[in-house]
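Student: any chance you can model this:
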Amino acid sequence: MKLEAEQALCRFHLTNCARHGNEPLYQWIVATARELGLQGGTVLKGFLGLRADGTVLRESPWRLTQEVPLVVEIVDGPRRIEELLARVEPVFHQGEITLERARVALYRTAETKVSSARVDVVGTKEAGTAWGVKSMKLPEDGVLMRIFIGESDRDRERNLPLYESIVLRAREAQLAGATVLKGPMGFGRHSRVHTAGLLELSTDLPIVIEIVDAAEKIDAFVPVVDELVTEGMVTLEAVRVLKYASPESR
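Tutor: Alright, predicted model coming up:
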């Protein structure tokens, strides 16, 4: 049995150093979403990223304190997302917030095997639920590019890991930002499963690079990605963007 309805996926792009009072901002966002009764939230940590001011963030195993990119994902109905944005927007000063359509196929809780539809879940319509979410700032139309590649893929021209080369090229193209996420398990078109085992010294784990910007800037960047990615997948999704540039942004 499946529940098929449309909701809004709200994604907060920030770093672990962004704070709200005495706690990390991402923790406060998740706690606020829980307090408001939203269905759930997920925090994804990147190991490489690009900020709006052109700064490249790199995770290092040798530094105890460092800034890394994070993505907080929350899916719920438009009214619930509006309640969350009303709390978060006034304190969200650096990063980016995006809204996109989320097609819910299955939603389960510990109390019930299959949940029933929420009263604020609306059916799929041409404009999409995310386009109906009201916020303090007028959202702009944007595009989310997701690039799915392998950790061992390389840019031979620059002699760099492909994910790093794409981020640097995104900076050269003056795109708004990028986040590189690593998965613990995955497989590609040749059906070889890659996993992160405790005893493995080297792996070829799945990598996802996420870039959000205006449609014309993403369109101009597509040929660059097309030339670099010889094996992988690239997806483009329409999103609504609430921009909060860093104080040092260009």
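Student: so for stretch 89-107, mean pLDDT?
Tutor: The pLDDT scores in stretch 89-107 average 86.
Student: which positions in it come out as buried?
Tutor: Neighbour-count burial for stretch 89-107, counted by 16 or more other CB atoms under 10 Å, picks out Phe92, Gln94, Gly95, Glu96, Ile97, Thr98, Leu99, Glu100, Arg101, Ala102, Val104, Tyr107. In this view, the C-beta of every residue, glycine as well, is placed from N, C-alpha and C.
Student: from the chain's centroid, how far away is that stretch?
Tutor: In terms of CA atoms, centre = their mean, to the nearest Å, the centre of stretch 89-107 is found 9 Å from the chain centre.
Student: return the distance of the closest residue to Met136 other than its chain neighbours relative to Arg19.
Tutor: Excluding its sequence neighbours, the residue lying closest to Met136 (CB to CB, 6 or more residues apart in numbering) is Glu89, at 4.7 Å. Distance, Glu89 to Arg19, using CB to CB, to the nearest Å: 16 Å.
Student: of all the buried residues of stretch 89-107, which two lie farthest apart?
Tutor: Gln94 and Tyr107 (32.2 Å; CB to CB).
Student: low pLDDT regions in the chain?
Tutor: Within the chain, the stretches with pLDDT under 70 are 1-5, 104-127, 186-203, 246-250.
Student: contacts only, for the residue nearest in space to the middle of it.
Tutor: Centroid-nearest residue in the chain: Val71, 5.0 Å away (criterion: CA atoms, centre = their mean). With CB atoms under 8 Å, 6 or more residues apart in numbering as the criterion, the residues that contact Val71 are Arg11, Phe12, His13, Val43, Leu44, Gly46, Thr179, Leu181, Glu210.
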